[in-house]
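Chemist: When you get a sec, could you give me coordinates for this:
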Amino acid sequence: MRDSTIDIAKGIGIFLVVLGHFTVFASPLYHYIYLFHMPLFFFISGMFAKPTSIKNCLTQKGKRLLVPYLFYWIFCLTIQYVGQIILFQNFTLNNMNLNIFVGGVLWFLISLWSTSICLLIIHLIYTIGNHFGGKYAYIFYTIITIAGIVLSYNNIKLQFYLSQTMLMLPYFLLGNIFNQKVCLKEKTLYEHLSSYGIISRPFLIAIIIYFIPCDFMDVNGPVIPNILQFFITPLSGIIIVLILSRSFSILWKSIMIDKLGKNSLQILGIHAPFVPLIWTISIPILIKSFSLIGITLSGEQIKGLIWIQILLAIILTMFSHKLGLLLTQLFPRILK
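Modeler: The predicted model follows:
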């Protein structure tokens, strides 16, 4: 029977992605979500990465990442502008951003594919020069990461989300090392995580580190805190999610959030254009509802209520999950 630990971790991660888009910029909730939710996905992707050929990297990985990117890019544009027509009757071609490489939240798919290309190139460099050992590849990885940090500090963004790729490369590699090296001692990742729980020392230490005051971080910015916080804080968040996910998988054999994890790519691709539409529809309703009980709130005040943000994020996550399943059935060759 398939262990649901990683699916639950992906489910937690994708819900935080959706919730992050409902939160108020620079609010405490926004801050703590953005500290680690994208490093988590790169870490998990790295855990299951395997050496591949040039042909496989360009074809199979392209089919798994770039084809869905193109599909959801078209989908998001369609929903965005149909929504403008229905809600605002305000639609002009001049407002359309048709740059295919500006995909909003879909940047992760391009960046993940770029990561695979980057690793393949480095692998070829020290394979062709056969006298170099594999350990020297880490020199290249370090150089690339440092370059990404320098670009971030100077607010320089490269095409194809290469800036984000360079920043997230160490998390991808750490995920791969964790699964290939650390977990070999316990045979599987799941057995390794089983030795820890939510009252274990590693979990409690990770909680303490994660909530130490930290500078703002947004990988897609790219904006990162100081170098020490850039590594330690996201890693503590990743440890928290993995241990929580393992504990959930032991306590509950069937849990909805693992289904969200299995469908995380579809939720990622679907949800973004619905966020402003949901706010536009829900704010007048909420203002009226609050006024009926004698509470006067503005639209901005309602947007700042955490429980409203969480409620709308749950609704949109479930909606995106169901719509994603439907789209997968309709377009199996593209999305499966």
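
Chemist: Do you know the pLDDT at the closest residue to residue 278 other than its chain neighbours?
Modeler: Counting by C-beta to C-beta, 6 or more residues apart in numbering, the nearest residue to residue 278 once its immediate chain neighbours are dropped is residue 312, at 5.7 Å. C-beta coordinates here come from the backbone N, C-alpha and C atoms, glycine included. Looking at residue 312, its pLDDT is 96.

Chemist: wait, isn't residue 7 in contact with residue 261?
Modeler: Yes: here residue 7 reaches residue 261: they are 3.6 Å apart, a contact under C-beta atoms under 8 Å.

Chemist: anything in contact with each of the two?
Modeler: Residues touching both residue 7 and residue 261 (C-beta atoms under 8 Å, 6 or more residues apart in numbering): there are none.

Chemist: quick one, which of these two is more surrounded?
Modeler: residue 261 (24 against 21; other C-beta atoms under 10 Å).

Chemist: Distance check, the more buried one against residue 206.
Modeler: For residue 261, the distance to residue 206 (C-beta to C-beta, to the nearest Å) stands at 20 Å.

Chemist: related to what we said a few turns ago, quick check: which element contains the residue nearest to residue 278?
Modeler: According to DSSP states H and E, residue 312 maps onto helix 306-330.

Chemist: which parts of that helix are buried?
Modeler: 308-309, 312-313, 316-317, 319-321, 323-324, 327 (16 or more other C-beta atoms under 10 Å).

Chemist: Same question for stretch 59-68.
Modeler: Neighbour-count burial for stretch 59-68 [16+ other C-beta under 10 Å]: 61, 64-65, 68.

Chemist: Between the two ends of it, how far is it?
Modeler: 13 Å (C-alpha to C-alpha, to the nearest Å).

Chemist: Tell me the first helix or strand C-terminal of the helix or strand of the chain with the lowest mean pLDDT.
Modeler: When the helices and strands of the chain are scored by mean pLDDT, DSSP states H and E, helix 189-194 comes last with a mean of 54. Downstream of helix 189-194, the first helix or strand assigned by DSSP H and E is helix 201-210.

Chemist: what mean pLDDT would you report for that following helix?
Modeler: Throughout helix 201-210, pLDDT has a mean value of 72.

Chemist: Give the buried residues for it.
Modeler: 202-203, 206, 209-210.
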